[in-house]
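>>> I would like to see how this sequence folds:
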Amino acid sequence: MRFVIKVLINGIALWLTSLWVSGMDFIVDTGLTDSAALDTVIVVALVAAVFTLVNAIVKPIVKVVSFLFYILTLGLFFLVVNALMLLLTSWITTFTDYGLRVEGFWTAVLAALIISIISLILTVILPDGKRRDQAR
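Coordinates of the predicted model:
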């Protein structure tokens, strides 16, 4: 259930960020269903699932390897790591007919900052199962 909630949070954050940041767009194959809006929702959900998996599998490894950079930058290196995770998601989805397009590194850094803020807000609002289990 936590994975589904994380995908939902990441999907909303990615979608809102794509609306606000020029240079970050979703590539939607309009032949999936009869509705263009439903096609967009499906593509956002699939990209959010890939992004969540990248954050769950690759990001911890990168954090361990770049531990020294986190210390030297007083934690600000998380923006670079998040931007790299976004670029990796963009690269992975280029092998499909749908996906995420991020134009450059600085676009990815700005998008990573916005995604982090939106994800933080949504994580506070939406229940994730942890708080409920700790209260018992």
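>>> any idea of the mean pLDDT for the longest helix along the chain?
Secondary structure assigned by DSSP state H gives helix 36-65 as the longest helix of the chain. Mean pLDDT, helix 36-65: 91.
>>> Likewise for stretch 17-28?
Averaging pLDDT along stretch 17-28 yields 92.
>>> can you tell me which helix or strand Ile9 belongs to?
Assigned by DSSP states H and E, Ile9 falls within helix 2-20.
>>> got the contact list for that helix?
Applying C-beta atoms under 8 Å, 6 or more residues apart in numbering, the external contacts of helix 2-20 come out as 24-26, 44-45, 47-49, 51-52, 55-56, 100, 111, 114-115, 118-119, 122-123, 126-130. Backbone N, C-alpha and C define where each C-beta goes, glycine included.
>>> Quick one: buried ones out of those?
24, 26, 44-45, 47-49, 51-52, 55, 100, 111, 114-115, 118-119, 122 (16 or more other C-beta atoms under 10 Å).
>>> Which residue is the nearest non-sequential neighbour of Ala48?
In space, and not counting its chain neighbours, Ala48 is closest to Gly11: 3.4 Å by C-beta to C-beta, 6 or more residues apart in numbering.
>>> From Thr17, how far out is the one you found?
Going from Gly11 to Thr17 by C-beta to C-beta, to the nearest Å gives 11 Å.
>>> No more questions from me, cheers.
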